[in-house]
Structure formats: structure tokens, C-alpha cells
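Asker: Here is a sequence with its predicted model. Questions after.
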Amino acid sequence: MDHLLVRKKSSTSSSDQKPRDAKSAPYQNARYENILATKGSFIGKSELDATAKSKSLCRTLLETKQTFPDDSLFRDNLFEEAYEMVRNKNEARVVRDISSFMVPSAEILAIRGAKHLKILIESVNEGWNNSIPITKTRPKPDYSVLKRIEPFVGELTDTSFFMATYSMYFPFLTYEAKCSAIAFDIAVGGIVELFRLVKREKELYREILAFLISYDQRTVRIYGHYPIIKGNETTFYRHLIRTFDFTELDGKEKWTAYQFTKNIYDLWMLTHLKRICSVIEELPSHINFEVSERSELTESGLSQSLESHHISRQSSHDGASMLEEADSS
């Protein structure tokens, strides 16, 4: 059976040229949820839901206190006027004016002194054109945070379960002004496939591996995405962590998403990346990540067994360097 981790990218796969409204149109189609279900991707939670450990983590991320910017549109004496400014505006305006107060930039926080975030890279409204999509539409999140790493599989023009863009691997956080699950089904699926290579996929069963923050002019929804793994079959679900109106009670909850995001950066991110690094360290030197351009994804979803084994020794080197970066942060 063909190995599906890396393939050559077609010249027509880019989603960067699509306008913001056009990129979200497929997600609003009433049939979209049914299409995702046929690919093993489910909008709701599974019967067992996420693990108790993951749910406890989410409570910690919600409740651990953080510091907030002193001079911002979300300041108490400015918040009501700022809200009125975007109350009836379109998606692009909402993203421009309030997104940084919902999900702070990892790179800007790093410049301002959060040195442990220097190992991250972010993208804004950039198509995940190096990913292998579940449907014909590749994700294009408003904002994504991923591990900064030199490619350890394939070339810049390849696509992979591990990649979002050519320089971004293992995404773990996005926000979207329009809610979509597809980005993190790709992201979680990539991590599952990586762990499968060293027979450690059971560690990920029902564990939240990525977060989505979705918002509009009034409401915020925070989700955690997790896999259900049964043999070679993987299905994807999401756990609703919290939904709220950030304008109610004079903006009492206006910093909740911001606090949650900073806690992802400070309390969860390094542990998550170290676990990924530990798997990269274990990869055999003979695994082959490359596939023929003619290979196609099967209808059953992401998970496939491996037949051949070939990989450059660069993967071990990258795993070691990633661990050193994480440990020194």
C-alpha cells in the first residue's frame, strides 16, 4: 500500500489567491458536515469525548491568570466604543480590529521578551498548500501557530501530513472568524501518522492535540481537537471547551480567549513539542516518506499502513535539534 506522507504538489492546489469570504463558503454549505463525516471527520464530540486529563488541562488553560496589554482597545474605558465600531462590520474588519486581543501573536510576544516562543512561527490568512487535504478545499486559517523547523521530509514543493506551509510543521493553534474543523483534522492526523511510524499512536487516543478559537462580533467558541484511534483507522472529533459572549456584563469575558491562548503558549506548547521531538528521535533511518505523484488518498481517510521504509538521516538530526531548542527555552 502506498505511503501517503509526502507527495508532489499540484500546480492548481494553492488557496492563497481566494478572497476571505470565498475561502469560508464551503464550510457554510449544509452538506459540508456530511462530507467531512465520510472522511472520518466529525464536527461534534465522540461518545467517550476527550480524556479526563485533556479536560483538566483545558480548565487549567482557561483559569490560570495572565497579564494583559495596558493600552489596547479592550481597555475598560474603550471597550464599549471598540465593540460598537465592529458590531455590524464584515469578517475582514473584525479580524483586523480585534483579533490580536482574542489571540495574541506568538512572534510579537517573543520579540517582547517571551523567549520560549522564538521556536514558533505564525501565518496569517495563508493557505495550507503543503498539506494533504481531507476534502478538495485546503484550509486557509485567519491565523495559525506552528513549529518553526527546517523541512525534515521532502522538498519545498512537496505536500505532507506534517506540513501546513513549506516552512511550517505541526500546527497546534488557529483562530477563525468563520468556524471550520478541517484545518485541525489535518493537523491532528499528521501527528497520529508520525506516532504510528514508531508504534506510539495509542498515546494519542482521545488526547487533545490542537486548539481552535472561532469568533465573530459577539461570541467566542474554543475547541480542542482529538483523535479516536482503532487499529489503522483514525477518526477526528472536537471537544467544546467554552462558548461565551465576550460583550456581556460590560465585557467581563473580553480577555478570556487571550488568557487561554497565552496559557497554551506558556503551559502546554513546550510539552507538546517535546513529545513530537521524542518521536522524531525514534524514527528509523530507513523510512521512505516519498510517494509517487500518481498516488491518491483513499476514501477512508488519512491512516494508511506502510510498505517501504526510506528516510534521510536528517530526521534524527532535526529531532535532536528541536529537543535542544525546547530544552533551552
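Answerer: Sure thing, it's come through.
Asker: and His225, bridged to which residues?
Answerer: Ala210, Arg238 (DSSP bridges).
Asker: ok, it to Ile98 distance?
Answerer: Distance, His225 to Ile98, by CB to CB, to the nearest Å: 24 Å. C-beta here means a position set from N, CA and C on the backbone, and glycine is covered the same way.
Asker: Not counting its neighbours along the chain, what's nearest Ile191?
Answerer: Taking CB to CB, 6 or more residues apart in numbering, and ignoring the residues beside it in sequence, Ile191 has Leu209 as its nearest neighbour in space, at 5.4 Å.
Asker: Now that neighbour. Its backbone dihedrals?
Answerer: Dihedral pair for Leu209: phi -120, psi -10, per degrees, to the nearest 10.
Asker: Report the separation between it and Phe79.
Answerer: 33 Å.
Asker: Next: Ser278.
Answerer: Ser278 is 43 Å from Phe79, by CB to CB.
Asker: Show me which of the two is the more surrounded one.
Answerer: Phe79 (18 against 15; other CB atoms under 10 Å).
Asker: Report how many residues lie close to the nearest residue to the more buried one once chain neighbours are set aside.
Answerer: The shortest distance from Phe79 to any non-neighbouring residue, by CB to CB, 6+ apart, is to Gly251 (4.5 Å). Residues lying near Gly251 (other CB under 10 Å) number 18.
Asker: follow-up on the earlier one: number of residues surrounding the residue nearest to Ile191?
Answerer: 25.
Asker: That one: what's it in contact with?
Answerer: Each residue near Leu209 by CB atoms under 8 Å, 6 or more residues apart in numbering is listed here: Phe172, Ala187, Val188, Ile191, His225, Tyr226, Pro227, His272.
Asker: In helices, which of the residues you listed fall?
Answerer: Mapping the contacts of Leu209 onto helices (DSSP state H) picks out Ala187, Val188, Ile191, His272.
Asker: For these, please prepare TSV with the additional fields pLDDT.
Answerer: TSV is the format used below for the ones in helices among the contacts of Leu209 (pLDDT from 0 to 100):
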residue	pLDDT
Ala187	76
Val188	85
Ile191	88
His272	93
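Asker: so can I have JSON lines of the residues you listed showing distance to Leu197?
Answerer: Shown next, in JSON lines, are these (distance: CB to CB, whole Å):
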{"residue": "Ala187", "distance to Leu197": "17"}
{"residue": "Val188", "distance to Leu197": "16"}
{"residue": "Ile191", "distance to Leu197": "11"}
{"residue": "His272", "distance to Leu197": "18"}
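Asker: out of these, which is most surrounded?
Answerer: Of these, with other CB under 10 Å as the count, Ala187 tops at 30 neighbours.
Asker: pretty sure it is touching Ile208, no?
Answerer: No: using CB atoms under 8 Å, Ala187 is not in contact with Ile208, being 11.7 Å away.
Asker: and for those two, which residues touch both?
Answerer: Joint contacts of Ala187 and Ile208 (CB under 8 Å, 6+ apart) are His225.
Asker: What is the burial count for the residue nearest to Ile228 when sequence neighbours are not counted?
Answerer: Distances taken as CB to CB, 6+ apart place Thr235 nearest to Ile228, at 4.8 Å, with adjacent residues excluded. Residues lying near Thr235 (other CB under 10 Å) number 19.
Asker: isn't there a strand covering Thr235?
Answerer: Yes: under DSSP: H, G, I helix; E, B strand; the rest coil, Thr235 falls within a strand.
Asker: can I assume it is in contact with His225?
Answerer: No: using CB under 8 Å, Thr235 is not in contact with His225; the gap is 11.5 Å.
Asker: What about Asp250, how many residues nearby?
Answerer: Other residues close to Asp250 by other CB under 10 Å number 9.
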